[in-house]
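>>> pasting a predicted model and its sequence here:
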Amino acid sequence: MVADLAVVQIDSKQQKLPYLTLGDSDKIRAGEHCIAVGSPLALSNTVTAGIVSNVGRTSSELGLFGRNINYIQTDCMITGGNSGGPLVNLDGQVIGINSMKAMTGISFSLPINYAKLFLADIEKKKLKQSTSKQILSTKNRQQTRYLGIKMFSLTPQIIEEMRYRMPMTFSIDKGVYIAGVMLDSTA
C-alpha cells in the first residue's frame with residue numbers, strides 16, 4: 001500500500017481534545033450522503049456535502065499506477081486545502097481522508113480502512129522498537145520546527161484568479177501563498 005499518510009502525536013494533559021470516531025469504509029455504499037471537511041484557501045473548518053458516487057474507484061483508473069488502492073469517489077467540493085481532511089458519514093464517523101479533486105463534482109478520498117491498516121502497522125513497529133529496547137535519548141531526538149504561518153499552494157486556478165483580481169501586481173507562476181502569520185509565532 002502506498003498512500004500519503006503521517007501520524008502526529010499531541011500530548012495534551014491540560015485539556016481534552018475533540019476527536020472523531022473512525023468508521024468502516026467497507027460498509028459505505030454509493031448514494032450515501034457524506035460531508036468533506038477542510039481548509040481550502042486557508043479558510044479553516046469549511047464543510048461541503050455530497051454523496052458517495054463510487055466506493056471502489058481503482059488507483060489505475062485515476063492514473064496512479066503502483067498504488068493498489070480503491071478510492072471513494074464523491075461529488076463533495078474538494079480543493080487542495082481539503083486534502084488530508086476527513087470525509088464523514090451522517091453518523092459523524094470518518095469514512096475517508098480527502099485526497100484529490102479531478103474536476104468540479106468529482107473528488108476522491110482514501111478509505112479510512114487503509115488508514116486503520118497504516119495505524120496498526122505503526123503500532124506494530126512502535127511495539128517492536130520498545131521490546132527490542134531501542135530507546136532514543138532526548139539528545140538524539142529530532143527537533144520539531146514550527147513556522148507559525150497559514151499557507152496554501154498556488155495552483156493554476158488560484159494564480160489565474162489572483163491575476164484577474166490584481167493584474168499589475170501578480171506575475172508569478174508557482175509557489176505558496178502566505179495567508180496569515182500566527183500571533184507570537186517564530187514567523
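That came through fine.
>>> how about the longest helix belonging to the chain: buried residues?
In the chain, assigned by DSSP state H, the helix with the most residues is helix 112-131. For helix 112-131, burial by neighbour count (16 or more other CB atoms under 10 Å) applies to 112, 113, 114, 115, 118. For the C-beta atoms, the positions are set from N, CA and C on the backbone; glycine is no exception.
>>> how near is the last one to residue 153?
The one in question is residue 118. The spacing between residue 118 and residue 153, counted by CB to CB, to the nearest Å, is 24 Å.
>>> one more: the third one?
Counting by CB to CB, the gap between residue 114 and residue 153 amounts to 24 Å.
>>> got any ranges where this protein has weak pLDDT?
Filtered on pLDDT under 70, the chain yields the residue ranges 1-4, 129-147, 167-170, 184-187.
>>> tell me the secondary structure at the residue sitting nearest the centre point of it.
Geometric centre of the chain, nearest residue: residue 84, 0.4 Å, by CA atoms, centre = their mean. Of the three states, residue 84 takes coil under DSSP: H, G, I helix; E, B strand; the rest coil.
>>> for the longest helix of the chain, packing partners?
Packing partners of helix 112-131 (3 or more CB pairs under 8 Å, 6 or more residues apart in numbering; DSSP states H and E): strand 21-22, strand 93-103.
>>> what's in contact with the next helix or strand after it?
Next helix or strand after helix 112-131 toward the C-terminus (DSSP states H and E): strand 149-153. Here strand 149-153 makes contact (CB atoms under 8 Å, 6 or more residues apart in numbering) with 40-42, 80-81, 158, 175-182, 185, 187.
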